[in-house]
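K.L.:
build me a model:
(one chain, ligands or ions: 1)
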Amino acid sequence: MAAPRLTVLGTGYLGATHAVCMAELGFEVLGLDVDADKVAKLSDGAVPFYEPGLDRLLRANLDTGRLRFTTSYDDVAAFGDVHFLCVGTPQKHGEYAADMRYVNGSLDALLPRLTRPCTIAGKSTVPVGTAEGVAERIKAEAPAGDAIELVWNPEFLREGFAVEDTLRPDRLVIGVTSPAGEATMREVYAKILANGTPMVVGDMATAQLVKVAANAFLATKISFINAMAEVCEVTHADVTKLSEALSYDTRIGGRFLNAGLGFGGGCLPKDIRAFMARAGELGVDQALSFLTEVDAINLRRRARMVDLTRELLDDTFLRRKVAVLGAAFKPDSDDIRDSPALDVASRLQKHGADVRVYDPAAMDNARRMYPDLSYSESALDAAAGADVVLHLTEWAEFCEMDPGTLAAVVAQRNIVDGRNALDPERWRTAGWTYRALGRP
Ligand code: UDX
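P.N.:
Residues are numbered from 1 along each chain as shown. As a prediction, the model looks like this:
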């Protein structure tokens, strides 16, 4: 039997990576986006965002002819045996709930065109219960109706490790309503399964929940250690030592236990909020009320960063120059969605500070989203004449910076390490006042 032909609806981080990796696994893949510009870029071999290793794989697979991109739903419907739904579900403006317009929009376009048997595999992060609604829509709106299988297949990829996480995931999760759906997914992921990757097969509701539960847990872990950082700050304890000591307990583990400026990005913040909103609709809001606190702890870190900076500047931001190192929500990414670094930078600017921002990859995105901030061409350039340097995204370039070189250009040797990623001794020895979140 011929291998199924795959389509990927939505070519953002998730979709573009999925399309490229499925082609890499040997499938014929057609990626769709409504953004013609994105489709043109991808077709030309250019990844429209920063993701290490993805460009090379994109070009290699375009060259084989297995991978193509289109804006046409007619092409997608005619081509695909399995349609992966990978569109975004951002937070609604002014609400916690997920904005489902892209999911609904892509189904509006796809379903009436499905005239032969196929599978729809939902990968977008959605409120639990969405898949059940999609199943009803398939029956009502797709000409092939009952001959269309629906499966839910959440995606756990991290930005910066997207290729690795897709080709060698920790686990595969599939929600199914029939053996046929499971068989199709086993065929698509055969090579990954052959590597020994565990696959959890369950019902639709569970599969949808796994993704938000995983992100809720990760966010909670980060906020837990950041709550400990708050306590460390008033007891003169050191949260990095605390975290290290906890990490040797294998039940706790050290990953996602780095205290600092907290989590941002396009997933964790909006996913925990959408999860709370959905729990409210389901009448189990109490079960997730702790996530309100997780969110609040996370946001308090940003306020604390501003306060700590003010302390170092003798209680005023006026006529004070602040160098902000980092704009991306985490290193090895150009993603600035809900970036803690840019949130802090813009708060400081509103307080009257003269803020200069530098990031190795996220400058264009930052300029677009925060046009009122000032930007520099390098870390040294941002630090020139600065009264304080803020380390807000732990790029390797910043972690390896030489305190002596930086000392030569600043006005005052003040540094705040918002990510607990610099070596305090090294900076103090070079004459710097080193401060960090959760450390004496
Ligand atoms: C996350 C999930 O990890 C991934 O499984 C899911 O599919 C999408 O959301 P991502 O948004 O790429 O991935 O970022 P992640 O690496 O999880 O980091 C999230 C945020 O937490 C970043 O802002 C990071 O700086 C912060 N973080 C992470 C900490 O503050 N401390 C830590 O110990 C770890």
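K.L.:
and for Val200, the neighbour number?
P.N.:
Neighbour count of Val200, defined by other CB atoms under 10 Å: 12. The way it works is simple: take the backbone N, C-alpha and C, and place the C-beta from them, glycine included.
K.L.:
can you tell me the helix or strand for Leu380?
P.N.:
Using DSSP states H and E, Leu380 falls within helix 379-383.
K.L.:
and the very next helix or strand once past that helix, what does it pack onto?
P.N.:
Of the helices and strands lying after helix 379-383 in sequence (DSSP H and E), the nearest is strand 388-391. In terms of contacts (3 or more CB pairs under 8 Å, 6 or more residues apart in numbering; DSSP states H and E), strand 388-391 is packed against helix 290-312, strand 321-325, strand 414-417.
K.L.:
relative to the ligand, which of those is closest?
P.N.:
Set against the ligand and scored by CB to the nearest ligand atom, these come closest in helix 290-312, at 8.4 Å.
K.L.:
and Gly326, how many neighbours?
P.N.:
Other residues close to Gly326 by other CB under 10 Å number 31.
K.L.:
re earlier: same question for the helix holding Leu380, mean pLDDT?
P.N.:
Taken as a whole, helix 379-383 has a mean pLDDT of 98.
K.L.:
surely Glu149 touches Ile174?
P.N.:
No: using CB atoms under 8 Å, Glu149 and Ile174 do not qualify as a contacting pair, with a distance of 11.4 Å.
K.L.:
C-terminal to the top helix by length along the chain, what's the next element?
P.N.:
The residue-count maximum for a helix in the chain (DSSP state H) belongs to helix 204-235. Using DSSP H and E, the helix or strand that directly follows helix 204-235 along the chain is helix 239-247.
K.L.:
buried ones in that next one?
P.N.:
Under the neighbour-count criterion of 16 or more other CB atoms under 10 Å, helix 239-247 has Val239, Thr240, Leu242, Ser243, Leu246 buried.
K.L.:
show residues contacting stretch 250-259.
P.N.:
Contact with stretch 250-259 is made by 218, 221-222, 224-226, 228-229, 239-240, 243-244, 246-248, 419-421, 437-438, as judged by CB atoms under 8 Å, 6 or more residues apart in numbering.
K.L.:
does that stretch reach the ligand?
P.N.:
Yes: against the ligand, stretch 250-259 shows contacts by CB under 6 Å from any ligand atom at Phe256, Leu257, Asn258.
K.L.:
check stretch 362-377 too.
P.N.:
No: under the criterion of CB under 6 Å from any ligand atom, stretch 362-377 makes no contact with the ligand; the nearest approach is 12.4 Å.
K.L.:
ends of that stretch, how far apart?
P.N.:
12 Å (CA to CA, to the nearest Å).
K.L.:
now tell me what touches that stretch from outside.
P.N.:
With contact meaning CB under 8 Å, 6+ apart, stretch 362-377 is reached by 50, 323, 327-328, 333-336, 339, 342, 345-346, 349, 354-359, 382, 384.
K.L.:
could you pick out the residues of the stretch 251-400 of the chain near the ligand for me?
P.N.:
Phe256, Leu257, Asn258, Gly260, Gly262, Phe263, Gly264, Gly265, Cys267, Leu268, Phe329, Lys330.
K.L.:
how does the protein divide into domains?
P.N.:
Following automatic domain parsing, one finds the domains of the chain at 6-202, 206-266+293-440.
K.L.:
what separates the first and last residues of the shortest one, distance-wise?
P.N.:
The stretch domain 6-202 measures 23 Å between its terminal residues, going by CA to CA.
K.L.:
hmm, back to that, which parts of the longest helix of the chain are buried?
P.N.:
Using 16+ other CB under 10 Å as the test for burial, helix 204-235 gives 204, 207-212, 214-216, 218-230, 232-233.
K.L.:
related to what we said a few turns ago, from the buried residues of helix 239-247, which is closest to Glu155?
P.N.:
Of all the buried residues of helix 239-247, Glu155 sits closest to Ser243, with 28.4 Å by CB to CB.
K.L.:
if you skip the residues just before and after it, what's nearest to that closest one?
P.N.:
Leaving aside its sequence neighbours, Ser243 sits nearest to Leu257 (CB to CB, 6 or more residues apart in numbering; 4.8 Å).
K.L.:
which SSE is the nearest residue to Pro169 once chain neighbours are set aside in?
P.N.:
Closest residue in space to Pro169, ignoring its immediate chain neighbours: Thr197 at 6.0 Å, by CB to CB, 6+ apart. Element membership for Thr197, per DSSP H and E: none, as it lies in no helix or strand.
K.L.:
quick one: mean pLDDT over the longest helix of the chain.
P.N.:
98.
K.L.:
that helix and the ligand, any residue contact?
P.N.:
Yes: counting by CB under 6 Å from any ligand atom, the ligand is contacted by helix 204-235 at Asn215, Leu218, Ile222.
K.L.:
can you give me how far that helix is from the chain middle?
P.N.:
15 Å (CA atoms, centre = their mean, to the nearest Å).
K.L.:
got the angle for that helix vs helix 239-247?
P.N.:
Helix 204-235 and helix 239-247 are oriented at 130 degrees to each other (axes from the mean of the first three to the mean of the last three CA atoms, to 10 degrees).
K.L.:
just checking, what packs against helix 204-235?
P.N.:
Contacts defined by 3+ CB pairs under 8 Å, 6+ apart place helix 204-235 against helix 130-141, strand 148-152, strand 172-175, helix 239-247, helix 268-281, helix 290-312.
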